[in-house]
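K.L.:
no letters, just coordinates:
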């Protein structure tokens, strides 16, 4: 990933959507290329299947995600099934916790939404490398602030917007997580991650049934296409749908 | 404020309440004593009356709060009246935005919940002082991460807990904002800030009517006392009330 694409990915904003705290809801920005390179060189390769729990908040490890998608879930409330953060390729899961708390635990679970390839490294080794370079340390802490703010944005979006709008915003966010350009291309493109309907529901804080119905509506309206288990997105129509829905919020059924 | 009390205030945790992201919901931790001292020396004194809006997100200023309480509100959604962060004495409003975005704006409003004495300083002067000392810069960014995480905790608390529990947690949080010790004293103590019922409702994301009714319930149950416009809190009973309500969540009416 070049320096310019890194800057582009951390500075993206959804023009159709007025973000307050973060530049994009749920999705944390990619990490500093220098830290990513360090984990690629020194980390231990590890693969998780879809639906695995990574109790990283209690482990003494950080994980660089090379491919796939992970959601973080506040862990201590037993029946609380709501995602708060999304971690895509080139992000370090556990960085905020490591840089903010050192080795102190955090009751936060992470769950793979797809198959995930990652590199793991003990927190101590990670912190030693970062803290040896104050300038890198500062840039990584700035990245941590952006990570927290995008998660804050996601929770507020779930509190503020009707579920139909949230789901359209999420589709665009997933496109960005997969590296799609800021300017949407015309026509259908494959959604870069095969996230289950249940997991989509967990992210937009809705029921599986409501989410499934809204996806069917979007297919009927030509915003989405479905081939087998794979979803295809017309990003221009999705963006237009978000604008329309925000102008007439009563036209969207809330959960 | 001594170094030890600073550490104590930034490390507080509500034992009765299992925090995930932050150490305390809504309330941001006090800032680094060195940065506080700099603003006390170089900042311009300014006083806000209760209920004033400080559109700090669009201004090129940071504010050190010397006394009083400020709530931050996402600003662009016209009918969105929900507080996300609470800033008490010894906190710098605008620090996260300044250290994270420089002079770029942020569509975030802040509203005084009490009369507030503050010191204002141009963002440029603030950043120059912080960035001149990498070690201070790092500590302030770590503080910014904690600020964001406590706000994230607050939004999640509002999403997760019944409104009756949220209100009890908020009373304890307001005590801490006023410098109350971690270990609750017995008997009634004055709530250190005279926050209106409407503003309490804005923080716990409930209606004014529901909040007013729950406060009356708490008075009847001996957790609260009211003398004129002032509230008095029995912190031990409030803590016990939180534990009881969390054991039997169905006993609490949700909003």
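P.N.:
Here it is on my side, so go on. Just so it is clear, the structure is predicted and the values come from calculations on it, not from any experiment.

K.L.:
chain B contacts on the stretch 51-200 of chain A?
P.N.:
For the stretch 51-200 of chain A, the residues found near chain B under the criterion C-beta under 8 Å from any C-beta of the partner chain are A:74-77, A:80, A:82, A:84, A:96, A:99-100, A:106-108, A:134-135, A:137-138, A:141-142, A:144-146, A:148-149, A:151-152, A:155-156, A:158-160. Yep, even glycine has a C-beta here, placed from its N, CA and C like the rest.

K.L.:
out of those residues, list just those in helices.
P.N.:
When those are checked against helices using DSSP state H, the ones located there are A:96, A:99-100, A:134-135, A:137-138, A:141-142, A:144-146, A:148-149, A:151-152, A:155-156, A:158-160.

K.L.:
just the buried ones from the residues you listed?
P.N.:
A:96, A:99-100, A:137-138, A:141-142, A:144-146, A:148-149, A:151-152, A:155-156, A:158-160 (16 or more other C-beta atoms under 10 Å in any protein chain shown).

K.L.:
against residue A:141, how distant is the most centrally placed residue in chain A?
P.N.:
The C-alpha lying nearest the average C-alpha coordinate of chain A belongs to residue A:86 (C-alpha atoms, centre = their mean; 2.4 Å). Applying C-beta to C-beta, to the nearest Å, the value for residue A:86 to residue A:141 is 21 Å.

K.L.:
same question, residue A:178
P.N.:
Between residue A:178 and residue A:141 the computed distance is 27 Å (C-beta to C-beta).

K.L.:
next one: residue A:221
P.N.:
When C-beta to C-beta is applied, the distance between residue A:221 and residue A:141 equals 43 Å.

K.L.:
now the helix or strand in which residue A:168 is found against helix A:134-160, angle please.
P.N.:
The secondary structure element spanning residue A:168 is helix A:163-177 (assigned by DSSP states H and E). An angle of 160 degrees separates the directions of helix A:163-177 and helix A:134-160 when computed by axes from the mean of the first three to the mean of the last three C-alpha atoms, to 10 degrees.

K.L.:
and the next element down the chain from helix A:163-177?
P.N.:
Beyond helix A:163-177 in the direction of the C-terminus, DSSP H and E gives the next helix or strand as strand A:188-190.

K.L.:
partners of that following strand, with directions?
P.N.:
Strand A:188-190 sits in its sheet next to strand A:230-234 (antiparallel), going by DSSP bridges.

K.L.:
buried sites along the helix or strand just after the partner strand?
P.N.:
Sequence-wise, the next helix or strand downstream of strand A:230-234 (DSSP H and E) is helix A:235-247. The neighbour-count criterion (16+ other C-beta under 10 Å) identifies A:235, A:237-239, A:241-242, A:245-246 as the buried residues of helix A:235-247.

K.L.:
from the residues you listed, which single one is nearest residue B:206?
P.N.:
For the buried residues of helix A:235-247, the closest approach to residue B:206 (C-beta to C-beta) belongs to residue A:246, at 25.2 Å.

K.L.:
what's the burial count for residue A:228?
P.N.:
By other C-beta atoms under 10 Å in any protein chain shown, the residues close to residue A:228 number 6.

K.L.:
could you do residue A:209 as well?
P.N.:
11.

K.L.:
kindly report the same for the one 4 residues further on.
P.N.:
Each residue near residue A:213 was counted by other C-beta under 10 Å, and the total is 14.

K.L.:
now residue A:62
P.N.:
Applying other C-beta under 10 Å, we find 27 other residues in the vicinity of residue A:62.

K.L.:
given the helix or strand containing it, what are its sheet partners and their directions?
P.N.:
According to DSSP H and E, residue A:62 maps onto strand A:61-67. Paired neighbours of strand A:61-67 in the sheet (DSSP bridges): strand A:91-93 (antiparallel), strand A:116-122 (antiparallel).

K.L.:
now that strand: buried residues?
P.N.:
Within strand A:61-67, the residues that qualify as buried by neighbour count (16+ other C-beta under 10 Å) are A:61-66.

K.L.:
which ones are touching the residue in the stretch 151-255 of chain A that chain B sits nearest to?
P.N.:
Scanning the stretch 151-255 of chain A for the residue nearest chain B gives residue A:155, at 4.4 Å (criterion: C-beta to the nearest C-beta). Applying C-beta atoms under 8 Å, 6 or more residues apart in numbering or on different chains to residue A:155 gives the contacts A:84, B:152, B:155-156, B:159.

K.L.:
likewise for residue A:64?
P.N.:
Counting by C-beta under 8 Å, 6+ apart, residue A:64 makes contact with A:31, A:36, A:39-40, A:43, A:90-93, A:118-121.

K.L.:
quick one: which of those residues is the most crowded by neighbours?
P.N.:
Among the contacts of residue A:64, the one with the most neighbours (other C-beta under 10 Å) is residue A:92, at 30 neighbours.

K.L.:
list the contacts for the nearest residue to that residue once chain neighbours are set aside?
P.N.:
Of all residues not flanking residue A:92 in the chain, residue A:31 sits nearest, at 4.7 Å (C-beta to C-beta, 6 or more residues apart in numbering or on different chains). With contacts defined as C-beta under 8 Å, 6+ apart, residue A:31 is in contact with A:64, A:90-92, A:95, A:140, A:143.

K.L.:
any chance of those residues in a markdown table, plus distance to residue A:164 and pLDDT?
P.N.:
A markdown table is the format used below for those (distance: C-beta to C-beta, whole Å; pLDDT from 0 to 100):
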| residue | distance to residue A:164 | pLDDT |
| --- | --- | --- |
| A:64 | 35 | 97 |
| A:90 | 30 | 96 |
| A:91 | 28 | 97 |
| A:92 | 33 | 96 |
| A:95 | 33 | 91 |
| A:140 | 37 | 96 |
| A:143 | 32 | 93 |
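
K.L.:
out of those residues, which is nearest to residue B:214?
P.N.:
Proximity of those to residue B:214 was ranked by C-beta to C-beta; the top entry is residue A:95 with 39.3 Å.

K.L.:
sec struct for residue A:22, please.
P.N.:
When the structure is split into helix, strand and coil by DSSP: H, G, I helix; E, B strand; the rest coil, residue A:22 lands in coil.

K.L.:
for it, phi and psi?
P.N.:
Residue A:22 has phi and psi values of phi -100, psi 170 when expressed as degrees, to the nearest 10.
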